[in-house]
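Visitor: below are the sequence and a predicted model; questions follow.
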Amino acid sequence: MTSGNHDESGPGTASTGDDPQGLDAQWLESAIQGAERQARDGAPPFFAVVVLNGQAVGAAGNTVVLNNDPTAHAEIMAIREACREISRTRLTGATLFASAEPCALCLVAAAFAGIERIVYALDADGAADAGFDYRAGQALLGSGIHECLRLEHLPLPDSIRPFTSSRSR
Ligand SMILES: [Zn+2]
């Protein structure tokens, strides 16, 4: 289906009035703290939280190295945990909070899971500057993904912290 639902509110910009209580920033801060724990453990500094009806139903870090699994990105692991938690294969109405902008794999996985909104802290350029460059996959993906996913960049003062913790090891 390609008809309708074309919202011109603008992709990739910070949220405007959607979140008067600042809950987005709180969930995102918890993702950043998770990413910092990752970094302290010597794991890739990425963490994601799935929030449904105001509750975290999935939270996970990147276990690519730990499990020798190139698909074990934080967002994928959090989606898996959330689906197990609620015993469903769709996360309709959920928001995915990610410490860094999701890569192409995770964007597609989120769309498959029925997630419509993603809020992330550090953008892909910032992650690339910190040594994690996954922008090539996003170019492969093209712009179609933005018709089913709303991506919101919410930069927080702590966004880069997991990466600096990682480098200081
Ligand atoms: Zn990913």
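Guide: Sure, I can see it.

Visitor: how about the residues of this structure near the ion?
Guide: 73, 103, 105, 106 (Cβ under 5 Å from the ion). In this view, the C-beta of every residue, glycine as well, is placed from N, C-alpha and C.

Visitor: again, 6 Å this time
Guide: 73, 75, 102, 103, 105, 106 (Cβ under 6 Å from the ion).

Visitor: would you double-check that the third one falls in a helix?
Guide: No: secondary structure assignment places residue 102 outside any helix; it is coil (DSSP: H, G, I helix; E, B strand; the rest coil).

Visitor: so who does it touch?
Guide: Listed by Cβ atoms under 8 Å, 6 or more residues apart in numbering, the contact set of residue 102 reads 48, 73, 75, 96, 110, 118, 120.

Visitor: which pLDDT value belongs to the closest residue to residue 134 other than its chain neighbours?
Guide: Distance criterion Cβ to Cβ, 6 or more residues apart in numbering; nearest residue to residue 134, sequence neighbours excluded, is residue 103 at 4.3 Å. Here the pLDDT value assigned to residue 103 is 96.

Visitor: same question for residue 163.
Guide: Residue 163 is assigned 89 on the pLDDT scale.

Visitor: how far away is it from residue 64?
Guide: 16 Å (Cβ to Cβ, to the nearest Å).

Visitor: more neighbours: the two, which one.
Guide: Legend: neighbour count by other Cβ atoms under 10 Å for residue 163 and residue 64, higher for residue 163 (24 against 18).

Visitor: distance check, the more buried one against residue 130.
Guide: Distance from residue 163 to residue 130, by Cβ to Cβ: 4 Å.
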